[in-house]
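# with the sequence up front, the predicted model follows.
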Amino acid sequence: FEDETLEALIDSSLTSNRSVLIAASRIEEARAALGFTKADLYPGISIQGSASRGNLAGTSQNEEIFENYFLAPVLSWELDFWGKYRRAGEAAASEMMATEYSLRSVQISLVAEVARTYILLLDYISRLEISKQTVESRMYSLDIIQQRFDRGIIPELDLNQAQIQLEIAAGAVPVHERLVAQTKNALSVLLGRAPTDIGPQGGIYSGTIPPDIPPGLPAGLLERRPDIMQAKYLARAQNARIGVAQAMRLPAISLTGILGLASDDLSEFTTGDAAWSVSGGLIGPLFEFGKNSRRVDIERERAFQALLRYEETVLEAFR
């Protein structure tokens, strides 16, 4: 529009509007969720330790007092043999991309809403100025008609009609004042501020009018729309969750390694031989009355719904 006031309002809204800030925060949340999910691909290291002293072993009491001390880091790793964590990572990455396009959608909508509200405000300010000028004109006309009536030139009906026209014009002023105030309040909220006197003071639009959209534009331009890209990545994320659900039907293979210190005497805790242990485990569902297969069905239906939402978004874009 090449309007400096409008450009300043749009710049302010893009940095302070709460919806934009929420959408930006969701990107950071999705980025953190991606890192959280990818961490499952790698081994986890924890620390274990214990110390005990007494003459009670289980539920039996011994005559001798025994001691036991143990401290060791523990490495545990579930092998992503079936791709469960890889698919979960793909879903998290697609969701992060979807949040980025969501931010762009919010920004574009915000820019359009600020411009629409600004032009509407100019219109209401112009109407308010016209209504005030109309009141002054009606008062001038009533003064002339009053003088002519006082001299017996015109009947009282003409005077009454002039009085009515003045009251009608005067009644329009507070209506447009309220519209101006309400529109300024709406513009303030779009800019992330408390309602205040904001925006242009004059009602004459001095910017340029954007050109008409030419016919014959390629449909491929729709791929620039962030709402389409957001729906696309959401469908990808949901499709990846089918792989996660499929992997949960299969056994999980885990490895555990312990290397540390153990001793029956605290004074020899750091001088004794290292204690170590390596183990592997396998755990998986056997029979759960179709629970795991139903989980896959749920994710497939959700993926189908995401595909339909994507197609609907494309149809709306064509419209």
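Yep, that arrived.
# how about the helices in the stretch 151-300 of the chain?
156-190, 226-247, 291-318 (DSSP state H, counting those that start in this stretch).
# need the winner for burial among these.
helix 226-247 (a mean of 21; mean count of other CB atoms under 10 Å). (C-beta placed from N, C-alpha, C; glycine too.)
# starting at the chain centroid, how far to that helix?
17 Å (CA atoms, centre = their mean, to the nearest Å).
# what does that helix contact?
82-84, 86-88, 90-92, 94-95, 97-98, 101-102, 104-105, 108, 222-223, 292, 295-296, 298-300, 302-303, 305-307, 309-310, 313-314, 316-317 (CB atoms under 8 Å, 6 or more residues apart in numbering).
# swap in stretch 23-35?
Stretch 23-35 is contacted by residues 89, 92-93, 95-96, 98-100, 102-103, 106-107 when judged by CB under 8 Å, 6+ apart.
# could I get the average pLDDT for the longest helix along the chain?
In the chain, taking DSSP state H as the definition, the longest helix is helix 84-150. The pLDDT scores in helix 84-150 average 94.
# what packs against it?
Secondary-structure packing of helix 84-150 (3 or more CB pairs under 8 Å, 6 or more residues apart in numbering; DSSP states H and E): helix 4-16, helix 18-38, helix 156-190, helix 226-247.
# for L222, which non-adjacent residue is closest in space?
A317 (4.8 Å; CB to CB, 6 or more residues apart in numbering).
# rewinding a little: any chance of the helices and strands packed on helix 84-150 in a markdown table, plus distance to L56 and mean pLDDT?
Output for the helices and strands packed on helix 84-150, formatted as a markdown table (distance: least, CB to CB, whole Å; pLDDT from 0 to 100):
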| stretch | distance to L56 | mean pLDDT |
| --- | --- | --- |
| helix 4-16 | 66 | 92 |
| helix 18-38 | 43 | 94 |
| helix 156-190 | 69 | 94 |
| helix 226-247 | 45 | 96 |
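# turn those into JSON lines, including distance to Y69.
As requested, those are exported to JSON lines (distance: least, CB to CB, whole Å):
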{"stretch": "helix 4-16", "distance to Y69": "59"}
{"stretch": "helix 18-38", "distance to Y69": "35"}
{"stretch": "helix 156-190", "distance to Y69": "64"}
{"stretch": "helix 226-247", "distance to Y69": "40"}
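# where's the closest residue to E67 other than its chain neighbours, which helix or strand?
Spatial nearest neighbour of E67, chain neighbours left out: R53 (4.7 Å); criterion: CB to CB, 6+ apart. Taking DSSP states H and E as the criterion, R53 maps to strand 44-57.
# what comes into contact with that strand?
61-77, 258, 260, 266.
# in strands only, show me those residues.
61-77, 258, 260 (DSSP state E).
# which stretches of the stretch 201-319 of the chain have low pLDDT?
201-207, 265-272 (pLDDT under 70).
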